[in-house]
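A.B. asks: Provided below for reference: sequence and predicted model.
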Amino acid sequence: MTRNFTSRLRQKDLLIGTMLTIPAPEVAEMVARCDFDWLFMDGEHSPLSMLDWQRLIQAVGGRCASILRVPSASERDIKKALDIGADGIIAPMVNDAEQARRVVGWSKYPPRGQRGVGLARAQGYGLEFADYLSSANDDTAVIIQAEHIDAIENIDEIARVDGLDAVFIGPYDLSASMGKTGEVDDPEVVAAIAEVTRACLRNKLALGYFGLNADSVRPYIDRGYNLICAGVDAGFVTGGASEILQDLKA
Ligand code: 3PY
Ligand code: MG
């Protein structure tokens, strides 16, 4: 476990990451060598299985934090993500406080929650069970996504849920839920995001934002967001390939 990620997240250090979606441990290994603070491993929209993610986390090798966005905000997915050794989870589409409380509960061992007890990679296959058990509840990052207009309406209650470490905006899904798919800079979408910013800052909760490039995340860093995900692995490949081709054809 990358032990200091969650404490740095809570103390609002700027943590810069990028998104992994390609089912190749080599890509995870390459990106992990680039000195990011964390990697946003996307189990929601990518074709990867939990076993694939385990291989990618192994390839990262603790060089930075591996935070897995689970396919759904469910007990089954959260349990598996944490047992394969993710340093934390991002639960997509959490729209009310009750859902947020369940996500926290599934991420924490009793008595703080109801996380199931396994002897898997996270626990050193049993060899480090006691050590892991003593620190996992504190060291595991529990992050939920606010990415629907319903979540915006419930954000004050969501931001007060005990055990949450951050709220991560999903600007694309949020814009879609407002009938403005992809218009992440539309004034109404930006105003909805501002509601989340206000509620989280008031509750001293860390804030996260995703953007396709540095320019789209910079304004959020200026607004106090500290969990930043910029770019996607597939975009680095298509962007770099297109650029060299255009340069040569120009
Ligand atoms: C979204 O924009 O919907 C996201 O989930 C980005 O992470
Ligand atoms: Mg989303």
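C.D. replies: Cool, the structure landed. Ligands and ions are numbered 1, 2, ... in the order given.

A.B. asks: Contacts only, for Asn203.
C.D. replies: By C-beta atoms under 8 Å, 6 or more residues apart in numbering, the contact set of Asn203 is Ala159, Arg160. Just so you know, the C-beta spots here come from the backbone N, C-alpha and C atoms, and that holds for glycine as well.

A.B. asks: for Leu174, same thing?
C.D. replies: By C-beta under 8 Å, 6+ apart, the residues touching Leu174 are Ala146, Glu147, His148, Ile149, Ala151, Ile152, Val184, Val189, Ala192, Ile193.

A.B. asks: before we move on, what SS does the spatially closest residue to Gly126 that is not a sequence neighbour have?
C.D. replies: Using C-beta to C-beta, 6 or more residues apart in numbering and skipping the chain neighbours, the partner closest in space to Gly126 is Leu119 (4.1 Å). At Leu119 the chain is in coil, as set by DSSP: H, G, I helix; E, B strand; the rest coil.

A.B. asks: any idea how far Asn203 is from Ile155?
C.D. replies: Distance of Ile155 to Asn203, given as C-beta to C-beta, to the nearest Å: 10 Å.

A.B. asks: Look at the residue nearest the centre of the chain and tell me its secondary structure.
C.D. replies: For the chain, Ile90 is the residue whose C-alpha lies nearest the centre (C-alpha atoms, centre = their mean; 4.0 Å). In three-state terms, and counting by three-state DSSP, Ile90 is strand.

A.B. asks: What's opposite it in the beta bridge?
C.D. replies: For Ile90, the beta-bridge partners are Arg69, Ile143 (DSSP bridges).

A.B. asks: What separation do you get for it and ligand 2?
C.D. replies: In this structure, Ile90 and ligand 2 are 10 Å apart, going by C-beta to the ion, to the nearest Å.

A.B. asks: and the contacts of Leu174, which two are the farthest apart?
C.D. replies: Using C-beta to C-beta, the two most remote members of these are Ala151 and Val184, lying 15.5 Å apart.

A.B. asks: More neighbours: which of those two?
C.D. replies: Ala151 (28 against 20; other C-beta atoms under 10 Å).

A.B. asks: burial count for Asn58?
C.D. replies: Residue 58: Gln, not Asn. Neighbours of Gln58 (other C-beta under 10 Å): 16.

A.B. asks: pretty sure it is touching Pro25, no?
C.D. replies: Yes. Proximity of Gln58 to Pro25 meets the contact threshold set by C-beta atoms under 8 Å, at 6.9 Å.

A.B. asks: so where's the protein uncertain?
C.D. replies: Under the criterion pLDDT under 70, the flagged ranges of the chain are 1-3.
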